[in-house]
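> the sequence and its predicted three-dimensional model are supplied below.
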Amino acid sequence: MSNNGFFNKHPWVLHALFALGLSLVIVIITFIVLKHYGRVGKEYLTPYVVGQYVDELDDMDYGDLRLEFVIIDSIYQQSHRGGYILRQDPDSGSLIKNGRKIYLTVTSYVPDNAIVPDLRSLSVRHAISQLENVGLHGGRITFVDDPHHVVLQQKYKGRTVNEGRRLEKGAMIDLVVGRGSGSGMSIAPYLVGMSPSKARSNILSASLNVGAEHYEGITDMSRAIVYKQSPSYTGRAEVAYGTGIELWYCDKSVVAMEELERMKQRQMEDSIRALYEPVDGDNSRHDPYELISLDEF
């Protein structure tokens, strides 16, 4: 029997073979199109755009790479005009394909407002936390003679500022605080490895002030970390209220994690040594079992 006779007798077989062949052609064409438009097998390194302004992105050279930049969040900062890129996702160095979207967090063009809270009668730590919760920052702390170690006044640019007033987010509120009836001493907090904002918050919360800040070769503040502080952390209450803590920053990509751990280890050893040293006028030494508190490092 000839093939034509078979197909004449069973036409559904011919239809099935035709449909199978057509499907195979469609699948092959689909793969070719996807490979062409999706650049399958061809990936590029994500460029680093943090530290640039959005209006400068079109002037940058990306070679054969085509990108779409999408702003997903904005944060007001007094140090930069609007459109300054703070973060990107995916980060630089990761592999992406052509046409990929890069999501950006930038500084806002118009400052947001924050409502000043009532900080009076709060502890310094609580007051700093309240300011940060509404988008404000603690400024300088001034101490006056008062039996209570709490906030007595809150000021903005030298003048008393009352609760409910609207200020630009990021504004600094200075505090007038009572010395209290205690020793008037505080512990210099451990700051190595912290971001500038975290370090400042910890300093103020300890009833101390932020001293001189040194930025060594830093162009992107979002990558800055503390690598040195003065006075150093010792674990002993020997720093007077209001003392300025001097800070040195570096780019976190410059300091390898191993080196940062060595810095922390050296400061820990200094803390242990200080615990064993007698306090001026006191010949006694600390009980070694008190070192158990070092676990919280």
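Noted; the coordinates are in hand.
> next one: Asp89 relative to Asp73, how far apart?
Distance of Asp89 to Asp73, computed by CB to CB, to the nearest Å: 10 Å. All C-beta atoms are positioned from the backbone trio N, CA, C, and that covers glycine.
> ok, now Pro196?
To Asp73, Pro196 is 20 Å away according to CB to CB.
> do the same with Val150
With CB to CB as the criterion, Val150 and Asp73 are 36 Å apart.
> of those two, who's got more company?
Using other CB atoms under 10 Å, the more surrounded residue of Val150 and Asp73 is Val150, with 18 against 11.
> next one, pLDDT for that one please.
What the model reports as pLDDT for Val150 is 96.
> residues touching it, list them.
120-124, 177-178 (CB atoms under 8 Å, 6 or more residues apart in numbering).
> next: Asp112.
Residues counted as contacts of Asp112 (CB under 8 Å, 6+ apart) are 76, 135, 168-169.
> the lengthiest helix in the chain - contacts with which helices or strands?
The longest helix of the chain (DSSP state H) is helix 11-38. Applying 3 or more CB pairs under 8 Å, 6 or more residues apart in numbering; DSSP states H and E, one finds that helix 11-38 makes contact with helix 3-9.
> average pLDDT for the helix it packs on, rounded please.
The average pLDDT within helix 3-9 is 63.
> ok, now stretch 199-208?
For stretch 199-208, mean pLDDT rounds to 96.
> what about that stretch, distance to the chain center?
Distance of stretch 199-208 from its chain centroid, counting by CA atoms, centre = their mean, to the nearest Å, is 17 Å.
> pull the CA atoms of that stretch into PDB?
What follows is stretch 199-208, C-alpha atoms only, in PDB (Å, rounded to 0.1, in the frame of the first residue of the first chain):
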ATOM      1  CA  ALA A 199      28.100  56.300  65.600                       C
ATOM      2  CA  ARG A 200      26.700  59.800  66.300                       C
ATOM      3  CA  SER A 201      23.500  58.300  67.800                       C
ATOM      4  CA  ASN A 202      25.500  56.100  70.200                       C
ATOM      5  CA  ILE A 203      27.700  59.000  71.200                       C
ATOM      6  CA  LEU A 204      24.700  61.300  72.000                       C
ATOM      7  CA  SER A 205      22.800  58.500  73.800                       C
ATOM      8  CA  ALA A 206      25.800  58.200  76.100                       C
ATOM      9  CA  SER A 207      25.500  61.900  77.100                       C
ATOM     10  CA  LEU A 208      28.600  62.800  75.100                       C
END
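> where in the stretch 151-297 of the chain is pLDDT low?
Applying pLDDT under 70 to the stretch 151-297 of the chain picks out residues 237, 254-297.
> can you pull out the helices in it?
Secondary structure of the stretch 151-297 of the chain (DSSP state H, counting those that start in this stretch): helices at 196-205, 257-276.
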